[in-house]
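*Asks:* Structure for the following, please:
(chains A and B)
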Amino acid sequence: MTLISSALASEAASTVVERKMDPLHHFQVHKIWDMSVFGVDISVSNSVVWMWIAVAVAFFFFYYSITGAKRIPGRMQSLAELGYLFIYDMMVGIIGKDEVPKFFPYVFTIFYFILFCNLLGLIPGSFTPTSQIIVTGTFAAIIVGISFLYGFYRNGIHYLKFFVPSGVPVLLLPLIIPIEIISFLARPVSLSVRLFANMTAGHTMLAVMFFYVVTLPIYGSWLPFGFSVVFTGVEIFIGFIQAYIFTILTCVYINDAIHLH
Amino acid sequence: MISVANAAAEVHAKPEGMPQFEPSMFEHQIFWSVISFLILLYLLNKHVMPAIKELLDVRAKKIEDDLASAQKARREAEKIQADLNNKLISSHKVASDVCEQARVEASLLRERAVEELSLELEKKKKAAVEDIEIAKKKALAEVQAVVVDVAVMATEKLIAKNVTKESASAMVDEALNEIKDSKTSLH
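*Replies:* The predicted structure follows:
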């Protein structure tokens, strides 16, 4: 008895000394395989590995759901069809039926890529690529780039009218045009920061709670433990919501490129 | 414990702040984000999206066809129902015509029967009256015969006695009166 208590005491003492709260440790990117081709860094890190896992899970989820598909769908097939129609109906609602087929693959892919990155990141010991600003920034750049290029491709030089709202007095134009340009440039920033910040905040919160669970004595640790359980559920919800917001804003930007406001 | 402490120390030896803003980790993540996105895009676009689209289209077509055939079947049923209704109405008409005709015939027959009956009754009545007349005549004749007999007898009786002329004529008058009376009483 004394032995155990003294062991516990020493354990507690060493905990106090050695364990330091580091909730951001989870976001540390480690290069597993360092390499570069033609001066481009193509190292494989934990972030990249979990991107691949997300790609694989997203693909095989759909692929196995629809193999041997029947006219009367099973559960997984229904889910896959629901996942397809969810994106399709959302795009029809925002962009309009005619333009959907052109952009559907990109929007579908970006949604499920982000969704599975978010959800897989909740597995203990995993990594969340979408908690990296550079990853979300790349996604946002892809989306805004597609909408920008398509806007020029479709409307030609008229696309620049996008920055000149109609019905604005000429006197105000020197003020309005810079504002429009800034708001356009803010799009990828807000897209990427929103997703990255949500993922980071949620995981940081969970990390803090887990730290308290292991460091607090047993009569106190149930509280952060219970909170972490509830908050994991909330994180699943946030993972969905953020992927949805990212996608719906993607649709809005594409719609702007097509219809010029 | 010591290794953990070392690891922690190592981590904290790195620059403070959010690890997401470590520029040396940007390049490969940009590269692999794009590549992963393109791979997923290719895989989904090649193997998933067309398959689901086809599934949904086929089902939509099936439902559309089913609806159309149901519509057709319904129209046919409506047509058949209309036909049946018409037939029913016409057969009703036929039935009521037949009934009407039967009623008319029946009343005709009845009238004829009544007529015949009344004719027959008339005939019978006539025959009866004739019979009565004959019987009356016969009875009268019989009465006359009886009266003649009586008169003869009375005369005989009177003749048997001594009668005067006056008494004799009185008696004859009496007898005639009696006959007349009996005649009237017979009527």
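*Asks:* any chance you could map the helices in chain B?
*Replies:* According to DSSP state H, chain B carries its helices in the segments B:2-13, B:26-43, B:49-160, B:165-186.
*Asks:* Could you list the low-pLDDT ranges of the chain?
*Replies:* Just so you know, I chose chain A. Screening chain A residue by residue with the criterion pLDDT under 70, one finds the ranges A:1-19, A:69, A:71, A:261.
*Asks:* oops, I was thinking of chain B
*Replies:* Under the criterion of pLDDT under 70, the regions of chain B flagged as low confidence span B:1-16, B:160-163, B:183, B:185-187.
*Asks:* At the contact with chain A, which residues of it appear?
*Replies:* Along chain B, the residues adjacent to chain A under the rule C-beta under 8 Å from any C-beta of the partner chain are B:1, B:4-5, B:8, B:11-12, B:18-22, B:25-34, B:36-37, B:39-41, B:43-45, B:47-49, B:51-53, B:55-56, B:58-59, B:62. C-betas here are computed from N, CA, C, even on glycine.
*Asks:* Buried ones from those, can you make that a ChimeraX selection?
*Replies:* Buried members of the residues of chain B next to chain A, defined by 16 or more other C-beta atoms under 10 Å in any protein chain shown, are picked up in ChimeraX with:
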select /B:19,20,22,25,26,27,28,29,30,31,32,33,36,37,39,40,41,43,44,48,49,51,52,55
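*Asks:* Centre-most residue in chain B?
*Replies:* B:His92 (7.9 Å; C-alpha atoms, centre = their mean).
*Asks:* For that one, give its distance to B:Lys79.
*Replies:* 20 Å (C-beta to C-beta, to the nearest Å).
*Asks:* do the same with A:Pro23
*Replies:* 76 Å.
*Asks:* Neighbour count for these two, which is higher?
*Replies:* A:Pro23 (16 against 10; other C-beta atoms under 10 Å in any protein chain shown).
*Asks:* Touching, that one and A:Phe211? I think so.
*Replies:* Yes - taking C-beta atoms under 8 Å as the definition, A:Pro23 is a contact partner of A:Phe211 at 6.7 Å.
*Asks:* out of the helices of chain B, deepest packed?
*Replies:* Burial of those is given as mean neighbour count (mean count of other C-beta atoms under 10 Å in any protein chain shown); helix B:26-43 ranks first at a mean of 19.
*Asks:* helices or strands up against that helix?
*Replies:* Using 3 or more C-beta pairs under 8 Å, 6 or more residues apart in numbering or on different chains; DSSP states H and E as the contact criterion, the neighbours of helix B:26-43 among helices and strands are strand A:40-41, strand A:44-45, helix A:46-66, helix A:100-120, helix A:133-155.
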